[in-house]
Structure formats: structure tokens, C-alpha cells
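Chemist: Just need the structure, nothing else, for what follows:
(chains A and B, ligands or ions: 2)
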Amino acid sequence: MLFVWREALVGLRRNLTMSIAMVITTAISLGLLGAGLLAVRTIDRTEDLYYSLIAVQVALDEPTSADDPDCTTPVCRDLRSELERDPLVASVEYESRDAAFARFQRIYAGQSILQLVRPQSLPATLRVTMADPLRGTEIVDRFTGRPGVRNVVDQRSTVADLFSFLGSVRNATFGLAVVQTLAAVLLISNTIQLSAFTRRTEVGIMRLVGATRWYTQVPFLIEAVVTGVVGAVLATGGLVAAKAFFLDRLLSGRLLANTIPPIGMSDVLGYVGPVLVVVGTVIATATGYVTLRLYVRQ
Amino acid sequence: MIRLENVSKVYPTSTRPALDDVSVAVERGEFVFLIGPSGSGKSTLLRLLLREDVPTGGTVWVANWNVGRLARRRVPRLRQRMGCVFQDFRLLPNKTVGENVAFALEVIGKPRHTVRTVVPEVLDMVDLGGKADRMPSELSGGEAQRVAIARAFVNRPLVLLADEPTGNLDPETAGGIMTLIERINRTGTTVLMATHDRQIVDSMRRRVVELSSGRLARDDDRGVYGTVR
Ligand SMILES: Nc1ncnc2c1ncn2[C@@H]1O[C@H](COP(=O)(O)OP(=O)(O)OP(=O)(O)O)[C@@H](O)[C@H]1O
Ligand SMILES: [Mg+2]
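Modeler: Numbering: from 1, shown residues only, chains lettered A, B, ... in the order given. Ligands and ions are numbered 1, 2, ... in the order given. Purely as a prediction, here's the structure:
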């Protein structure tokens, strides 16, 4: 077994430039895959964060809003009970005009906008928490224009832009990862073929002495596996560096603070890193195996 | 030990058969010279025995293996029980002399301590005891061929096949090689040696099998190279 490792190392050293190219390409494709996985994680978490906060807001019109601290007018009561019976709805909360004004004062304490706003300009609202946050538009459609309703707003649509941005970041990363993986696979396959071709005389002699095909080919396979593992480790290192020097600053910066939750070191090392090592090893091994089966005769 | 039954070989790229209906049997422990003009099919015959190629007709037997029908994955087994030596030595260029010999043992999975004791013994036998750490490029032709013989013999093969093992060597060095091959034969190993060397064949008076254009032309028990015509 020692022989096999020695041969693999010799093989990697012999084509040092090719080996480096192979490792770098593999690392980049795995790095992109890792970035994509982190994006998915972040999107999931961002969605969790927002979905617990966002709701569909049914704002009531002026007559209905006036002087009704507990939703006791028939119009309000009917709307509320209809919403509560709806299977799409998890819960309904009433916020009276006074309560809205109090919240407004809290949020904008000390700011000049307070002077301009009076209770009368704020509507009373029914805050609807959806059982399925993705189907808020159905409530919007059903209740818009109903008597007593001023307007209906699905807050989700206001954060939809953020999600579609994060989603396209993720898709672009995965797309690049696929292209780059293809390059890595071709490069690994090519390097193995080259390696096997350079050594065909040697391998021929080994076979004549009675070495099995497996025995002479395992070194090539190990070359591929080492490439996969080293590539994955480099990719993980790259992601750690990207997190430390770039993402942390970006996500805690003024623009995105409290908008997107930060990425934890445990996400990179505990989740993405192991996934990359497994994926890298599997892809490299499969590439090596298929190449040896199909293209290396000896 | 070796039996060819009506063996023919036609290479796909040529129309004339390289071997044409050859039948010959070699008993265990025999020493046989295989002679014939260039292109008569000597190397082809040895290639069939090693399963480097398959016959297009007939059956090739080595010990109990039907060599031509052997499944590909069983071929290494066959070769592990055969030793082979060639005109061009075929040593592994980036392994030392010792590693080259050890390789034949590693291939059959011999434990390391066995390898460590057996390799020096065999190198001593071929008079290369002090050169185990040399690279093949640092050897003379005669030395390189002795390493090849050591490698072929280290597994105690049933059969030693030699294809013009003295072809690249001066007569004196060739004589040394023949002495070695004879010694190996005396341990009970069957030897089949293709050669052009009239002097060696004539001086040793062993069985001579002659091929001519792929056909068996002569099979003499204590033969000489050329019958005087
Ligand atoms: N791989 C091959 N493909 C096609 N024809 C071949 C091949 N190898 C050998 N031949 C042909 O088969 C015939 C026998 O060749 P072989 O090498 O067996 O002769 P030989 O007796 O060993 O000759 P030499 O004494 O020169 O080594 C020749 O006509 C040769 O051209
Ligand atoms: Mg020949």
C-alpha cells in the first residue's frame, strides 16, 4: 500500500503545474458551491426572520377607524371574524388608531415628523398573520375595496425585492459553480490521461511482471482524490477569509445591518466545509474512476 | 508445462499469419531454444504465452491455464507465476535495482520482511549484491539484464520466458547471462528462450524448436542452430 501512495505523490510532483491548475480549479468551483450554500442558508434565515414579523395589513377607512378602541363596530367586527375564519390566516390582531399613534410616537421619538402627524391621519388596522406567508396576495385581493377598508397591504411584497436579490445572488453563484465544476472535471480527467500516457511504458512493464490493473491505476485515482480534498480545504479556507475580511463588514455595515443576519463561523466550518470535502472527494474520485475505465487502456 | 495445440496468430494488420498451426509441448523443467529467422514468429509465440495477445486459432496451455481464454482479471495471476526477460531489459527506470526486484514481490503481496530478506539473496545470486541502490541508467547492459533475470526469478516462477536476452550483449557477457539462466533451469524452472545466437545454441546442446514463416520447421532434442546443409 505504501507503494501506491509513493507513486501518487510522485505523479502529483511530476506534473506540478498541471496539479496546481487542477487544485486551483477544483478549489474555485468548490468555493463557489460553498458560497451558494451559504447564500441559501442566509436566505432561509432572512426569510424566517421576516416571516415572523411581516403580515398583511388591512387598514380601515376613516369612519370605521374613528373612536373604536376594540373593534366593536359591526363593520370591523365582521371583517375580523371573516378573516379569523379563513384557513389561510393564523391570527388577527386589531390595532386601534390610538394604539397606532402611540407606536408611531415610540418609533419616531424626538424626530420632527412627529409634529406633522396626528392620530386622525393614521388608520386603525387589522394585522393579519398568515398561516402561509406566501399567499398574502389572496387576502389582498379578497379584501381590497370592501366596505370599511381603506387599503390592504401585503408587507411581504415590500421585502420581495430583497429576496429576489438574494435569490439571484444564489442562482448566479450556483451557475458559476456548475460551469467551474465542469472545467475542474475536464482538467482532472485530462491530467489523469496525460499522467497515464507519460507512464504507459512503466505501467506496461508493471503489468508484465503481474501487477493488476487496479494496482497500477490506484495511484492515478489517489492523485484525483488528493486534488479533491486539497481543493475542498482551500475552498473552505477561502470562504473563511471571505467571511472575515469582507462579508462580516458588509453585513454589519450601515446598509445591510439588521437586514440580513450575519453568517456564523459554524456555518462555514461546521456545515459548508464538510459538505465541500465530501462533494470534492466524490466528484474527483468519480472523474478519476470514469477516466481510467474509459480512456486508460492499460 | 507449456502446450500449444494448432496455434495460429494472424495480426489484424497483416494477411500472412505470424504463427501458422503450431503444435509443441514443453515438459516441466525442460530447457528449450526457440530459433528461426527474423519475422518467423518467435516473439509472437512468447507474447501468446504471456497473454500479451490472444491466438486467432488453437489453444495455448501454461500449467493448467488455458491462456487464450483466460479472463482479463486473471491474467496478473498467470504472469505472477511466469518470469520474463527481454532484449531491452524493461526495468522500471525510476526505481533502484533493489526496488525493481522487490516490485515483483510487492505485486504478489509478499510481506515487507520477506521482501527485505529475499531481494538481497537474489541480487547476490546474480552478482549484483553491492548495487542494490543503483538506478537502472547507471548499469551496463549485462548488469541490467542480470537485474531483469533477478526480477524474473525472485518469485520462483514455473516458467522463464526469454526473448533474445543476449541480443544486446557481447559474447562474454552473454555467456554470463546463459550461466545464470542455466542455473535457474536447474532449480526446476522450465525455460523457453528465443535467440539468434548460433554460438550459444551450438555450445549448449539443448532442445531446439525452429520456426520458419510461422510454421514449426524443426524440433530436435539435442539440437544445434543450423543444420549443416
Ligand atoms: N503487433 C503486430 N502487428 C502486426 N504484425 C506484427 C506485430 N508483431 C509482429 N508482427 C508480424 O508478425 C510476424 C512475426 O513477428 P515476430 O515479432 O513474432 O518475429 P520474431 O521471430 O520475433 O522476429 P525477430 O527475430 O526479428 O524478433 C512478422 O511478420 C511481424 O511483421
Ligand atoms: Mg522477436
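Chemist: For the rest of this, base every contact and every neighbour count on C-alpha atoms.
Modeler: OK.
Chemist: ranges for the helices of the chain?
Modeler: You didn't pick a chain, so chain A it is. Taking DSSP state H, the helices of chain A run over residues A:2-14, A:16-51, A:62-65, A:74-85, A:97-107, A:113-116, A:136-143, A:155-198, A:200-209, A:213-242, A:248-252, A:265-266, A:273-295.
Chemist: my bad, the chain I had in mind was chain B
Modeler: Under DSSP H, chain B gives helices at B:42-49, B:75-80, B:97-107, B:112-125, B:141-153, B:171-186, B:198-204.
Chemist: Give me the average confidence score over the fifth one.
Modeler: For helix B:141-153, the mean per-residue pLDDT is 96.
Chemist: Off-centre distance for that helix?
Modeler: How far helix B:141-153 lies from its chain's middle: 12 Å, per C-alpha atoms, centre = their mean, to the nearest Å.
Chemist: and if you look at the longest one?
Modeler: A distance of 13 Å separates the C-alpha centroid of helix B:171-186 from that of its chain, computed with C-alpha atoms, centre = their mean.
Chemist: any chance of the helices of chain A in a markdown table, plus mean pLDDT?
Modeler: As requested, the helices of chain A are exported to a markdown table (pLDDT from 0 to 100):
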| stretch | mean pLDDT |
| --- | --- |
| helix A:2-14 | 75 |
| helix A:16-51 | 85 |
| helix A:62-65 | 85 |
| helix A:74-85 | 89 |
| helix A:97-107 | 82 |
| helix A:113-116 | 74 |
| helix A:136-143 | 87 |
| helix A:155-198 | 84 |
| helix A:200-209 | 92 |
| helix A:213-242 | 91 |
| helix A:248-252 | 76 |
| helix A:265-266 | 84 |
| helix A:273-295 | 92 |
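Chemist: For chain A, which of the helices of chain B is the nearest?
Modeler: helix B:75-80 (4.3 Å; C-alpha to the nearest C-alpha).
Chemist: tell me which strands and helices the closest one is in contact with?
Modeler: Applying 3 or more C-alpha pairs under 8 Å, 6 or more residues apart in numbering or on different chains; DSSP states H and E, one finds that helix B:75-80 contacts helix A:200-209.
Chemist: Tell me what angle the helix it packs on forms with helix A:155-198.
Modeler: 70 degrees (axes from the mean of the first three to the mean of the last three C-alpha atoms, to 10 degrees).
Chemist: With respect to ligand 1, which of the helices of chain B lies nearest?
Modeler: Nearest to ligand 1, of all those, is helix B:42-49, at 3.6 Å by C-alpha to the nearest ligand atom.
Chemist: ok so, going back, so which of the helices of chain A comes closest to B:A132?
Modeler: With C-alpha to C-alpha as the criterion, B:A132 lies closest to helix A:2-14 of the helices of chain A, at 17.7 Å.
Chemist: Just put the helices of chain B in JSON lines and tack on mean neighbour count.
Modeler: Converted to JSON lines, those look like this (neighbours: other C-alpha atoms under 10 Å in any protein chain shown):
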{"stretch": "helix B:42-49", "mean neighbour count": "22"}
{"stretch": "helix B:75-80", "mean neighbour count": "21"}
{"stretch": "helix B:97-107", "mean neighbour count": "24"}
{"stretch": "helix B:112-125", "mean neighbour count": "16"}
{"stretch": "helix B:141-153", "mean neighbour count": "25"}
{"stretch": "helix B:171-186", "mean neighbour count": "16"}
{"stretch": "helix B:198-204", "mean neighbour count": "15"}
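Chemist: wait, doesn't A:P69 sit right on A:R97?
Modeler: Yes. Assessed by C-alpha atoms under 8 Å, A:P69 is found in contact with A:R97 at 7.4 Å.
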